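Everything below, folded, please.
(one chain, ligands or ions: 2)
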Amino acid sequence: MNFPYYSVWFNENQHSGGHGRKLTNMPRSPRLHLPPTPARPGESPDFSYLQLSPAGAVPRPDVNVRARDIGYLSLELVRVLDDAHDAVGPWHPHLDAAELQVGLRHMLLTRIYDDRMQRNQRSGKITFYMRSLGEEAVSVAQCMALRPGDMLFPSYRNQGLHIARGLPLVDMMCQLLSNTRDMCKGRQLPVMYHSAAQRLFSISGNLATQFPQAVGWAMAAAIKGEDDLAAAWIGEGSSAEADFHHALLFAAVYQAPVILNLVNNQWAISTFQGYAGGEQRSFAARGPGYGIAGVRVDGNDFLAVHAVTQWAAERARIGAGPTLIELVTYRAAAHSTSDDPSRYRAKDDYAHWPLGDPIERLKAHLIKHAGWTEERHRSLVEELDAQVTASWKEAVTHGTLADGPRLDPDLMFEDVFKVMPPNLERQRAAMHAERSDARWRK
Ligand SMILES: Cc1ncc(C[n+]2csc(CCOP(=O)(O)OP(=O)(O)O)c2C)c(N)n1
Ligand SMILES: [Mg+2]
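Numbers count the residues shown, from 1 in each chain. Ligands and ions are numbered 1, 2, ... in the order given. Model (predicted):
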């Protein structure tokens, strides 16, 4: 089929980003609109579509405010760190220097871990990896603003949550290796960690399942009268799934103590966020539509992310209901080790991202206000680098892709059925027969 008008419409508007379109450019009869992607390979990075608010400019309402009275929070952008690296405005969380340094440490460890695992995949030591480069403040600041008893439902780009909750790196690496110490017993794609002890729910590769699961968990906590809350993370692309909407409806109706985090890193693999609905209105603005508080926050501003999460947590704990937080950030690296972003977006785009880098911004703030120095920073990087090296050395003693020890294949038949159905009994017997056959042939 040929759609001549649509391509004209697309070309005319592709650099406008959708916002502030002139009426003269609007079609005069119904037309299929294709959301524009701002910059393709070979073009200059273009972030003119991004709606920003100055640091310190957005008011901070009381935590018991009604969702319908704070629509502005879902359209503005809560920011604390300004361009001079000062913390300004009503959302300033006033964390002490020691706590901020812990935040910096977790973010740096996440980045160094990511970098090393990416290289391990490239040299064939693991099969697959996904980095969170540029998004470290989301997981780390949010985790630090929550309590250890709160239940977290992460996505595959939230390794900072596992690191900030204290899951040993060796455990995470053994999962990537699917070796004998893999907490998933070889049954999951690399990066799908979990930890019952740290209250980190299993990661699902089926996008957006985190939201209904977290809402259900929060409803149960409310029924039991507990004051632990649930927090979940999905990407902006995943919010196009029906699960997102079911979850918001249930959360609103039952006023579940839940924080629903939508990480808007602008991309869903090669698809720009406009196609998930970000062009006409912010993702956070979907909250008020359901009667849920919606807050749009600078996801690369550690202090703002911490403050907004703490606000939402307090709100949930006093029974004032759920919050939808849109964390505006940028996926600086490829989607995964199987992706090549130079095929679909502008080169050097991250260098032009208007909200900067979360680690660099917190570092600059600490240098200016909390006695941090380049020297201390360098030695912290060295220390964390050595920690990653030592952890990998230990992880491989539990098995690698090439060498044992290996997981017992019998494990694949366990943990699903209390009483094993006859077809699986037969398959297990066949496997045993084949394996003893193979041993006999040697
Ligand atoms: C239900 C479902 N549909 C499609 C996919 C394939 N898929 C995996 S990741 C991804 C992109 C998700 O983008 P986003 O939600 O923005 O998260 P991000 O990767 O940017 O963190 C897609 C389409 C999937 N895993 N599950
Ligand atoms: Mg995304």
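
Can you give me the pLDDT of the closest residue to ligand 2 within the stretch 51-200 of the chain?
Going by CB to the ion, ligand 2 is nearest to R157 of the stretch 51-200 of the chain, at 8.2 Å. Yep, even glycine has a C-beta here, placed from its N, CA and C like the rest. Listed pLDDT for R157 reads 98.

helix, strand or coil for G371?
coil (DSSP: H, G, I helix; E, B strand; the rest coil).

so who does it touch?
A97 (CB atoms under 8 Å, 6 or more residues apart in numbering).

related to what we said a few turns ago, doesn't the residue of the stretch 51-200 of the chain closest to ligand 2 fall inside a helix?
No - if the criterion is three-state DSSP, then R157 is coil and not within a helix.

Would you list the phi and psi of the spatially closest residue to it that is not a sequence neighbour?
Sequence neighbours aside, S132 is the residue nearest to R157 in space, at 4.7 Å (criterion: CB to CB, 6 or more residues apart in numbering). Note on S132: its backbone torsions stand at phi -120, psi 30 [degrees, to the nearest 10].

pretty sure S132 contacts H162?
No - counting by CB atoms under 8 Å, H162 is not a contact partner of S132; they are 10.8 Å apart.

Tell me where the model's unsure across the stretch 201-350 of the chain.
By pLDDT under 70, the stretch 201-350 of the chain has no low-scoring segment.

So which residues on it come close to ligand 1?
Taking CB under 6 Å from any ligand atom as the contact definition, the stretch 201-350 of the chain meets ligand 1 at 205-207, 234-238, 241, 263, 265, 267-269, 331, 335.

from the residues you listed, which ones fall inside strands?
I234, G235, V263, W267, A268 (DSSP state E).

can I get these in CSV with distance to L327 and neighbour count?
CSV is the format used below for those (distance: CB to CB, whole Å; neighbours: other CB atoms under 10 Å):
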residue, distance to L327, neighbour count
I234, 11, 26
G235, 10, 25
V263, 5, 27
W267, 14, 23
A268, 15, 19
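
Just flag the most distant two among those residues.
I234 and W267 (13.9 Å; CB to CB).

So what touches stretch 412-432?
By CB under 8 Å, 6+ apart, stretch 412-432 touches K185, G186, R187, P409, D410.

hmm, back to that, so the residue of the stretch 51-200 of the chain closest to ligand 2 sits against Y129, correct?
No - look at R157 against Y129 with CB under 8 Å: they stay out of range, at 11.2 Å.

who touches stretch 384-394?
Everything outside stretch 384-394 that qualifies as a contact, by CB under 8 Å, 6+ apart, is R105, L108, L109, I112, Y113, R116, N120, P168, L169, V170, M173.

Convert the C-alpha atoms of that stretch to PDB, please.
What follows is stretch 384-394, C-alpha atoms only, in PDB (Å, rounded to 0.1, in the frame of the first residue of the first chain):
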ATOM      1  CA  LEU A 384      36.000  -1.100  42.800                       C
ATOM      2  CA  ASP A 385      37.800  -2.300  39.700                       C
ATOM      3  CA  ALA A 386      39.900  -4.700  41.900                       C
ATOM      4  CA  GLN A 387      36.700  -5.900  43.600                       C
ATOM      5  CA  VAL A 388      35.200  -6.800  40.200                       C
ATOM      6  CA  THR A 389      38.400  -8.600  39.200                       C
ATOM      7  CA  ALA A 390      38.500 -10.600  42.400                       C
ATOM      8  CA  SER A 391      34.800 -11.400  42.200                       C
ATOM      9  CA  TRP A 392      35.100 -12.700  38.700                       C
ATOM     10  CA  LYS A 393      38.100 -14.900  39.700                       C
ATOM     11  CA  GLU A 394      36.000 -16.500  42.400                       C
END
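
got the contact list for the closest residue to ligand 2 within the stretch 101-250 of the chain?
The nearest approach of the stretch 101-250 of the chain to ligand 2 comes at G235, 3.5 Å away (CB to the ion). The contact partners of G235, taken as CB under 8 Å, 6+ apart, are S155, R157, L207, L262, V263, N264, N265, A268.

Can you lay out these as JSON lines showing distance to D228?
JSON lines is the format used below for the contacts of G235 (distance: CB to CB, whole Å):
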{"residue": "S155", "distance to D228": "20"}
{"residue": "R157", "distance to D228": "24"}
{"residue": "L207", "distance to D228": "25"}
{"residue": "L262", "distance to D228": "22"}
{"residue": "V263", "distance to D228": "22"}
{"residue": "N264", "distance to D228": "27"}
{"residue": "N265", "distance to D228": "28"}
{"residue": "A268", "distance to D228": "31"}
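
Measure how far stretch 72-87 is from the centre of its chain, please.
Averaging C-alpha positions (CA atoms, centre = their mean, to the nearest Å) puts stretch 72-87 20 Å from its chain's average.

Ignore what I typed, I meant stretch 116-135.
That offset, for stretch 116-135, works out to 16 Å (CA atoms, centre = their mean).

and that stretch, average pLDDT?
The model assigns stretch 116-135 a mean pLDDT of 98.

Quick one: end-to-end distance for it.
One end of stretch 116-135 to the other measures 17 Å (CA to CA, to the nearest Å).

how about that stretch: buried residues?
For stretch 116-135, burial by neighbour count (16 or more other CB atoms under 10 Å) applies to 116-118, 120-121, 125-126, 129-135.

next one: stretch 240-257
Those would be 240-241, 243-245, 247-248, 250-252, 254-257, for stretch 240-257 by 16+ other CB under 10 Å.

Closest one to ligand 1 out of those, please.
Ligand 1 has its nearest neighbour among the buried residues of stretch 240-257 in E241, at 5.8 Å by CB to the nearest ligand atom.

I figured that closest one hits L207, correct?
Yes - E241 lies in contact with L207 (CB under 8 Å); the separation is 5.7 Å.

re the thing from before, gap between the residue of the stretch 101-250 of the chain closest to ligand 2 and V416?
G235 sits 29 Å away from V416, going by CB to CB, to the nearest Å.

ok, now V191?
With CB to CB as the criterion, V191 and V416 are 22 Å apart.

One more: S238?
26 Å.
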